[in-house]
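> prediction below, plus the sequence it came from.
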Number of protein chains: 2
Amino acid sequence: MTRWRLTVEFDGGPFMGWQRQDHGPSVQQAIEEAAEHMTGEQVRLHCAGRTDAGVHGLAMSAHLDLEKSVTPHRLREGLNALLRPDPVAILHAEPVDDDWHARFSCVGREYLYRILNRRAPPTLDRGRVWHIPQSLDVEAMQEGARHLVGRHDFTTFRSVNCQSQSPEKTLDRLEVERVGDEIHIRAAARSFLHHQVRSMVGTLSLVGRGQWKADDVKAALEARDRQELGLNAPPDGLYFVRAIYPE
Amino acid sequence: MTRWRLTVEFDGGPFMGWQRQDHGPSVQQAIEEAAEHMTGEQVRLHCAGRTDAGVHGLAMSAHLDLEKSVTPHRLREGLNALLRPDPVAILHAEPVDDDWHARFSCVGREYLYRILNRRAPPTLDRGRVWHIPQSLDVEAMQEGARHLVGRHDFTTFRSVNCQSQSPEKTLDRLEVERVGDEIHIRAAARSFLHHQVRSMVGTLSLVGRGQWKADDVKAALEARDRQELGLNAPPDGLYFVRAIYPE
């Protein structure tokens, strides 16, 4: 048996999310079926962080175990050939130790959120950005973001469906930057609660619009109450950027 | 009557090209119908450079004449609201002099061609790049490109359907650059022949693969013979970047 680490890029648009679902296509199912077709084995794929419907992946990390002997090149090319109808691609495949785990070995996760901040709606980037036509105050958003960095109880920024045992997380980075007519929000932490990035982005967008003051973010955080959340941002603009592992 | 300059962004994927066609949707038709719906006038749209099916626009310049009095803001917002089902957006609308012409006043055109140069196929950028899995030699491509810059008879790099009176054009710039796992080719000239950018890119790709030497580009150019063209690149990776006007 060989454990394989896969680095996966995907367009989340046509999927119900990363995780296998009864009611529609998922990234997990697409890759598992390609690997099963290629090897004749029953395959189970684990990932660093499940993504919701419509959320994209630039370099998701995942792993699966195969009995069949295959080179990294053959595995990547074979999976990509079988995945071709779906917007999912294996960027890298490499053998790892048997105790390496895409989810449990992961010590850091990074997300990018793209807001298109101009009057005109997106064309080439439809489904890949959140369009906010009103001009956003990036400095106010940066000030609001600073209240969220560090170790906090993020109950306010957590989906009611979140399965994490504790609402306490340490947010290492939350940076807001204007890039041309987009605003990029980059978030990094060891792990995130369900909907945490989208909830933080939605709330910062209210600060950017001037509907909230930067200090209102702090008050919402301290309330530890989902009802105090300003807004949950749509999935379209969210990208899982990468997973970090020791050494 | 007011003449309006429009700056247009569009995803060329669903269109038969910029120009109105009997057999399918075009960017021109989409904008003309939106303007006609908004004003009740019969409208004719002129652009800086017609694009083929599948070619994209980042900031195409175009103009139309309207009798109806309207502010730039209202015109842009009204057109964008009506265009919403199509991946076409008006980035700017501004009144210009009656003798300003999107095509005839234009003194420079810039194109970008994006090659995705990695093993894995595109996901998020499907239909927006040309995927070449073999590693390309960018330095050789740069050397080949230098043979094309300047004033030449570009018959070799011209579509048989080209309607330009002369095959002589002055290519001001043809730059090849690696950007992450993409190769960007930027071309600038006062005007181009039909298929000229795609023909130059296709030929440079052969140099990048090592099938042609950089000097073979010079020989193909000097042959002044369409049969000597190496390869015409697909439309997916081509973007009309911008049109330049005096002052």
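Yes, it's here.

> can you name every helix or strand that the helix or strand hosting residue A:7 contacts?
Residue A:7 belongs to strand A:2-10 when assigned by DSSP states H and E. For strand A:2-10, the elements it packs on are helix A:27-39, strand A:56-66, strand A:88-96, judged by 3 or more CB pairs under 8 Å, 6 or more residues apart in numbering or on different chains; DSSP states H and E. Yep, even glycine has a C-beta here, placed from its N, CA and C like the rest.

> got the contact list for the residue of chain A most remote from its centre?
Distance from the C-alpha centroid of chain A peaks at residue A:69, with 31.5 Å (CA atoms, centre = their mean). By CB atoms under 8 Å, 6 or more residues apart in numbering or on different chains, the contact set of residue A:69 is residue A:2.

> now what about the one helix or strand residue A:74 maps to, what contacts it?
If you go by DSSP H and E, residue A:74 is part of helix A:72-83. With contact meaning CB under 8 Å, 6+ apart, helix A:72-83 is reached by A:4, A:6, A:30-31, A:33-35, A:37-38, A:66, A:70, A:89-95, B:119-121.

> nearest to chain B among the helices and strands packed on strand A:2-10 would be which one?
Proximity to chain B, assessed across the helices and strands packed on strand A:2-10 by CB to the nearest CB, is greatest for strand A:88-96 (4.0 Å).

> got the residues of chain A near chain B?
A:9-11, A:56, A:76-77, A:80, A:84, A:87-91, A:118-124, A:126, A:128 (CB under 8 Å from any CB of the partner chain).

> skipping its backbone neighbours, what lies nearest residue A:98 in space?
With CB to CB, 6 or more residues apart in numbering or on different chains as the criterion, residue A:98 has its nearest non-adjacent residue at 5.3 Å, and that residue is residue A:3.

> meant to ask about residue A:39, not that
Nearest one to residue A:39, counting by CB to CB, 6+ apart, is residue A:68 at 4.4 Å.

> mind listing what that neighbour touches?
Applying CB under 8 Å, 6+ apart, the residues near residue A:68 are A:38, A:39, A:40, A:41.

> using PDB, write out every CA atom in stretch A:185-198.
Extracted as PDB, the C-alpha positions of stretch A:185-198 are listed here (Å, rounded to 0.1, in the frame of the first residue of the first chain):
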ATOM      1  CA  ILE A 185      -8.800  39.400   1.700                       C
ATOM      2  CA  ARG A 186      -6.300  36.800   2.800                       C
ATOM      3  CA  ALA A 187      -6.900  34.700   5.900                       C
ATOM      4  CA  ALA A 188      -4.500  32.200   7.600                       C
ATOM      5  CA  ALA A 189      -5.000  30.000  10.700                       C
ATOM      6  CA  ARG A 190      -4.200  26.500  11.900                       C
ATOM      7  CA  SER A 191      -7.900  25.800  11.300                       C
ATOM      8  CA  PHE A 192     -11.200  27.600  10.700                       C
ATOM      9  CA  LEU A 193     -14.800  27.100  11.800                       C
ATOM     10  CA  HIS A 194     -17.400  26.400   9.200                       C
ATOM     11  CA  HIS A 195     -18.300  29.600   7.300                       C
ATOM     12  CA  GLN A 196     -15.700  31.600   9.400                       C
ATOM     13  CA  VAL A 197     -13.900  33.200   6.400                       C
ATOM     14  CA  ARG A 198     -17.200  34.000   4.600                       C
END
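
> give me whichever of the helices and strands packed on strand A:2-10 is most buried.
Comparing those by mean neighbour count (mean count of other CB atoms under 10 Å in any protein chain shown), strand A:56-66 comes out on top with a mean of 22.

> now that one - C-alpha only, CSV.
C-alpha atoms of strand A:56-66 as CSV (Å, rounded to 0.1, in the frame of the first residue of the first chain):
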residue,chain,number,x,y,z
HIS,A,56,-12.9,27.1,-5.3
GLY,A,57,-9.5,25.4,-4.7
LEU,A,58,-6.1,26.6,-5.9
ALA,A,59,-4.0,24.0,-4.2
MET,A,60,-6.1,21.8,-1.9
SER,A,61,-4.1,19.0,-0.3
ALA,A,62,-5.7,15.5,-0.1
HIS,A,63,-4.5,11.9,0.3
LEU,A,64,-5.6,8.4,-0.7
ASP,A,65,-4.1,4.9,-0.3
LEU,A,66,-3.5,2.6,-3.3
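
> which strands and helices sit next to that strand?
If you count contacts as 3+ CB pairs under 8 Å, 6+ apart, strand A:56-66 packs onto strand A:2-10, helix A:27-39, strand A:46-47, strand A:238-244.

> need these in JSON lines (columns: mean pLDDT and distance to residue A:197).
Putting the helices and strands packed on strand A:56-66 into JSON lines (pLDDT from 0 to 100; distance: least, CB to CB, whole Å) gives the following:
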{"stretch": "strand A:2-10", "mean pLDDT": "98", "distance to residue A:197": "17"}
{"stretch": "helix A:27-39", "mean pLDDT": "97", "distance to residue A:197": "18"}
{"stretch": "strand A:46-47", "mean pLDDT": "97", "distance to residue A:197": "16"}
{"stretch": "strand A:238-244", "mean pLDDT": "98", "distance to residue A:197": "6"}
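
> and of these, who's closest to residue B:179?
strand A:2-10 (16.5 Å; CB to CB).

> what lines up beside that closest one in the sheet?
Neighbouring strands of strand A:2-10 in its sheet, by DSSP bridges, are strand A:56-66 (antiparallel), strand A:88-96 (antiparallel).

> residue A:41 - nearest residue in space that isn't next to it in sequence?
residue A:67 (5.7 Å).

> oh, I was asking about residue A:123
Per CB to CB, 6+ apart, closest to residue A:123 is residue B:87, 4.1 Å.

> wait, the one you found sits on residue B:25?
No - Residue B:87 is beyond contact range of residue B:25, at 10.9 Å (criterion: CB atoms under 8 Å).

> more crowded one of these two?
Using other CB atoms under 10 Å in any protein chain shown, the more surrounded residue of residue B:87 and residue B:25 is residue B:87, with 22 against 14.

> contacting residues around that one?
A:123, A:124, A:126, B:10, B:11, B:13, B:14.

> and residue A:6, how close does it get to residue A:61?
7 Å (CB to CB, to the nearest Å).

> over to residue A:118?
33 Å.

> what of residue A:214?
In terms of CB to CB, residue A:214 sits 34 Å off from residue A:61.

> now find how far off-centre the strand holding residue A:7 is within its chain.
Averaging C-alpha positions (CA atoms, centre = their mean, to the nearest Å) puts strand A:2-10 16 Å from its chain's average.

> who touches that strand?
A:27, A:31, A:45, A:47, A:56-66, A:69, A:75, A:79, A:86-98, A:100, A:102, B:120, B:123-124.

> same deal with stretch A:187-200?
By CB under 8 Å, 6+ apart, stretch A:187-200 touches A:49, A:52, A:106-113, A:145, A:148, A:154, A:156-159, A:161-164, A:167, A:169-174, A:185, A:229, A:232-235, A:238.
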